[in-house]
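Q: no sequence for this one, just the structure:
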């Protein structure tokens with residue numbers, strides 16, 4: 001499940017809305033919503049994302065958060081290492097090759113490293 005799929009399911013659950021009802025209200029198939037929730041569909045289009053935001057009457061920070069979560073929910077990712085170091089190329093390729101073998105603990109450690117690096121680069 002993608003972060004967007006998890007958030008979508010939480011929003012529906014909090015409001016007591018079934019997939020079938022939401023799909024009908026948005027004029028999409030329940031299979032499409034299910035695929036979004038389970039990460040079998042990539043990030044929804046900008047238009048669909050806006051429809052979901054309006055459907056749940058989400059405003060400001062929460063809407064921005066949902067857009068950010070959608071951006072982190074791509075199911076097919078390409079990493080461009082042109083112009084980066086040999087080590088960066090190796091890291092990108094190793095992660096691509098071995099991501100399926102990493103458990104939650106290992107993934108958490110990688111996220112911590114990335115978060116720490118990001119916070120060092122903030123102004």
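A: That came through, no problem. As the structure is a prediction and not an experimental result, all values here were calculated from the model.
Q: May I see the buried residues of stretch 43-53?
A: By neighbour count on 16 or more other CB atoms under 10 Å, the buried set for stretch 43-53 is 43-44, 48-49, 51-53. Heads up, the C-betas are built off the backbone N, CA and C, glycines and all.
Q: Kindly report the same for stretch 16-32.
A: 19, 22-23, 32.
Q: Filter those down to the ones in helices?
A: 19, 22-23, 32 (DSSP state H).
Q: And the contacts of the longest helix seen in the chain?
A: If you go by DSSP H, the chain has its longest helix at helix 104-121. Outside helix 104-121, the residues that touch it by CB atoms under 8 Å, 6 or more residues apart in numbering are 95, 102.
Q: Domains in the chain, by residue range?
A: Recorded structural domains for the chain (assignment: automatic domain parsing) are 3-71, 86-121.
Q: so which of these is the most packed in?
A: domain 3-71 (a mean of 15; mean count of other CB atoms under 10 Å).
Q: ok now the longest helix of the chain, how far from the chain's centre?
A: Counting by CA atoms, centre = their mean, to the nearest Å, helix 104-121 is centred 17 Å from the centre of its parent chain.
Q: on that earlier part again, so which two of the ones in helices among the buried residues of stretch 16-32 are the farthest from each other?
A: Using CB to CB, those span at most 10.3 Å, a distance reached by 22 and 32.
Q: Tell me the secondary structure at the residue at minimal distance from the centre of the chain.
A: The chain has residue 73 as the residue nearest its centroid, 2.0 Å off, counting by CA atoms, centre = their mean. Secondary structure, DSSP: H, G, I helix; E, B strand; the rest coil: residue 73 is coil.
Q: Perfect, I'm done here.
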